[in-house]
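Peer 1: sequence-free structure coming up:
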């Protein structure tokens, strides 16, 4: 594997609320190579969005990164000044969000918003900025882009707005784009379009993608590798194909079993019993233990990350391996 | 856009018509209408003559149309006290009030929005907490009391500023204004401060609430993710987004400040329409009262209409007729 | 034990805010002063036999012809200012409470009725209310007092007319939200009368926001009454509220006899600010968005 553009080690982001410390991201590690697409999968509240914001240094109070390391193109981001982070946001790493209606400013034209994003990192003439903005817009699939620069967000459909947001994120050809469920709020047909367009764009520009989603099916069609998050931790990661075919962590196995595509037609979908634990009162040891059929006494202690080749998991009783093989 | 303007204009006309009915009923039906045109010391014959001449023996709806007819011709009767047409009297006093109100509201808005944005942007700083504590006080303390304290402090004890009157004025377009002269400016400081302080508290609260809400939106997060500096985000995104509630309230406040000017003008002997109406109520100069009410109603409707227009100009969603 | 009742829980939460507790104590104390003014005042300030012009406009601490010290000085008629303030509090609170409660009753009835009846009557009532809300209360009260003439009843009437719209809006909003719920439709489909729906379902749901508005509006009534009295348009001279005491002292302010205006003013401010702080806390506690 080539040198990673993004390398995250033992990242911990905690929220210091009045009710107690919420360990939203706890010991998260992964690498991302240029042009690679990684799916970050988990239920809501599992810490996947906070992980995304941590990468950009945009964690809102009362949260902050309390430990670990984020190396972007070899530069350490944890502990970097706001000024330094700002200089990298948008240029080396950018982010798109779930709801395209909420992300664009309704009071500014598309052209103005793209120009602001451009001016954040370089001086441009108005004409030059417009040309580049129009180019990018047509690249993401907006017809007659030049004329639409003067339009306001409300004149676009939801899918078109998300394309504008993607164009803004791509402006400076960043090394990494964090996409936080960018298709969840869209119609299914448009979802697929944008999904594959993003894949092609990433391939063309060499931009690596972190695709955050709660939907394993969507991510697996796109990402070459997956990381599954549960209660602030990555419980399993590895290449998409192997991980889907042969999951190790019982939670991953549960997620795959509950996919409609894997079930017998007409048979009831399987589901994981119980609910996501509150991050404020995590059980001792493995947080998944209370919902896990394979749990035993040893699960009351913290499972360490078990790495085997290009995959890793965090479980005492991994699926598909004989008990004796572990420990 | 044009459809929107016409629609709002028609609305304004309807509201004005309703207001005229209310004022008419209020003054002609509740009060004794003859008192409005005849001084209280007139003889019985003059009263009877006036009642017939003014058609007060006719049905109420007919009287209403006479009243409206006169109103549209700009005839609102003569003041008993000054014995000049009421419109002329009020017209002469209006600039003083407008000057005071505009200076106060603009000061309150500029200051209030700046302080409010700061308090909303850094809600945990000690300065933000001080700003909010002071604004709570400004909210609860009656305006006339603030006026008294200002006079006591700056005019009586410190002797820095005059306590009443307009000071030297300059004629512009035949109308006297205080603000161009140093003496006039000195006279306007305390009353304007008095009026502004009350509005300041409201503007601070509004701007703070708006800022806190907007800063948490995805719009701001997205702008940050694109690498925009905080200054650019505040100037280009926040100011633009916050302008909608601010302009609405600015319009409403212009109207209510016009009303509160009654109190301030009385305290600081500021010769505007507010002081005129209080004096007129004191001596039962009813034509002045009627005219003042109609004028205030008219200003209210006009302000609301203008606010709607400005709205349409700055908010693209309204401008394009989309349902906002 | 106390925690178990809703009121007990409310009080437990209220108690956490020290400032609000102090404010509540102040409100209760001032109300007691107002109620027992005739018993605790050093002097009956409106019994002319007690007054001597020799004692007029004396500074705080002056020992007058009554043989006792005027702790806060005397006014232009030679009244003991402390006694005048106690009596003034009595009148101010009376007027504020009366106006607030009447406005509450009228406004809430109108609002709930509009939400319950719906249709043309609903839009007519709410149009009028909204039109009035866009008009400053002080102006409305000013004009009404001017038209109706002076007197306690007239003043309360003017304050009610200026303020009922706030209650109507609040009650309407809460009742309308509740009216749209399925269970109300279900209740109306049964032989239960409309009166039961209003009394058992709509009214209780309107109470929390109405209580909050009532606290604020009572403070506003007191402030508005003081403003009107200051302008000479409030009560007759025989019933001097705090506003009138302040007004009486205003001409003497320029000559340095500040106490005639300032002490009644301080009493007024403390009262209004205390009520507002209590109101703020109650609002925060009722606001479900701020609840954890």
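Peer 2: Done, it's in. Bear in mind that the values here come from a model prediction, so they are computed numbers and not experimental data.

Peer 1: from here on, contacts and neighbour counts on C-alpha atoms
Peer 2: Will do.

Peer 1: So for the residue of chain A found nearest chain C, what's the nearest residue that isn't a sequence neighbour?
Peer 2: Using CA to the nearest CA, the closest approach of chain A to chain C is made by residue A:19 at 9.9 Å. Excluding the flanking residues, the one nearest residue A:19 by CA to CA, 6 or more residues apart in numbering or on different chains is residue A:280, at 7.7 Å.

Peer 1: Validate this expectation: the one you found resides in a strand.
Peer 2: No - read with DSSP: H, G, I helix; E, B strand; the rest coil, residue A:280 is coil and lies in no strand.

Peer 1: any idea how far it is from residue A:24?
Peer 2: 9 Å (CA to CA, to the nearest Å).

Peer 1: Chain A contacts on chain B?
Peer 2: Proximity of chain B to chain A, by CA under 8 Å from any CA of the partner chain, involves residues B:217-229, B:237, B:240-241, B:314-317.

Peer 1: now with 6 Å?
Peer 2: By CA under 6 Å from any CA of the partner chain, the residues of chain B that approach chain A are B:218-219, B:222, B:225-228.

Peer 1: just checking, which of these belong to helices?
Peer 2: The helices, defined by DSSP state H, take in B:218-219, B:222, B:225 from the residues of chain B next to chain A.

Peer 1: which residues touch residue A:69?
Peer 2: By CA atoms under 6 Å, 6 or more residues apart in numbering or on different chains, the residues touching residue A:69 are A:8-9, A:11, A:78.

Peer 1: need those in a markdown table with distance to chain B, can you?
Peer 2: Converted to a markdown table, the contacts of residue A:69 look like this (distance: CA to the nearest CA, whole Å):
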| residue | distance to chain B |
| --- | --- |
| A:8 | 19 |
| A:9 | 22 |
| A:11 | 19 |
| A:78 | 16 |
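
Peer 1: Out of the residues you listed, grab the one that's most surrounded.
Peer 2: Counting neighbours by other CA atoms under 10 Å in any protein chain shown, residue A:11 comes out on top of these with 23 neighbours.

Peer 1: Any figure for the gap between it and residue B:6?
Peer 2: Note on residue A:11: its distance to residue B:6, by CA to CA, is 60 Å.

Peer 1: And for residue C:86?
Peer 2: 57 Å.

Peer 1: thinking again about what came up before, next step: the contacts of residue A:69 restricted to strands.
Peer 2: Among the contacts of residue A:69, DSSP state E puts A:8-9, A:11 in strands.

Peer 1: of all those residues, which comes closest to residue B:204?
Peer 2: Within the ones in strands among the contacts of residue A:69, the smallest distance to residue B:204 is 39.6 Å, found for residue A:11 (CA to CA).

Peer 1: what about that closest one, distance to residue A:293?
Peer 2: Distance of residue A:11 to residue A:293, computed by CA to CA: 29 Å.

Peer 1: related to what we said a few turns ago, now the residues of chain B next to chain A: which count as buried?
Peer 2: Among the residues of chain B next to chain A, those buried by neighbour count (16 or more other CA atoms under 10 Å in any protein chain shown) are B:218-219, B:222, B:225-228.

Peer 1: Tabulate those residues (TSV), appending pLDDT.
Peer 2: Below are these laid out as TSV (pLDDT from 0 to 100):
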residue	pLDDT
B:218	88
B:219	90
B:222	90
B:225	90
B:226	88
B:227	86
B:228	89
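
Peer 1: List just the nearest of the residues you listed to chain C.
Peer 2: residue B:218 (20.1 Å).

Peer 1: Looking at residue A:280 and residue A:24, which is more packed in?
Peer 2: Shown here are residue A:280 and residue A:24; by other CA under 10 Å, residue A:24 has more neighbours (24 against 14).

Peer 1: What pLDDT is listed against that one?
Peer 2: On pLDDT, residue A:24 comes in at 88.

Peer 1: Could I get the buried ones among the residues of chain B next to chain A in a markdown table, plus columns for distance to residue A:117?
Peer 2: Listed next are those as a markdown table, based on distance: CA to CA, whole Å:
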| residue | distance to residue A:117 |
| --- | --- |
| B:218 | 15 |
| B:219 | 13 |
| B:222 | 10 |
| B:225 | 9 |
| B:226 | 6 |
| B:227 | 7 |
| B:228 | 6 |
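
Peer 1: need these in TSV with distance to chain C, can you?
Peer 2: TSV is the format used below for those (distance: CA to the nearest CA, whole Å):
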residue	distance to chain C
B:218	20
B:219	22
B:222	26
B:225	29
B:226	31
B:227	32
B:228	31
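
Peer 1: neighbours of the nearest residue to residue C:254 once chain neighbours are set aside, just the number please.
Peer 2: Leaving aside its sequence neighbours, residue C:254 sits nearest to residue B:156 (CA to CA, 6+ apart; 5.9 Å). Residue B:156 has 19 neighbours, counted by other CA under 10 Å.
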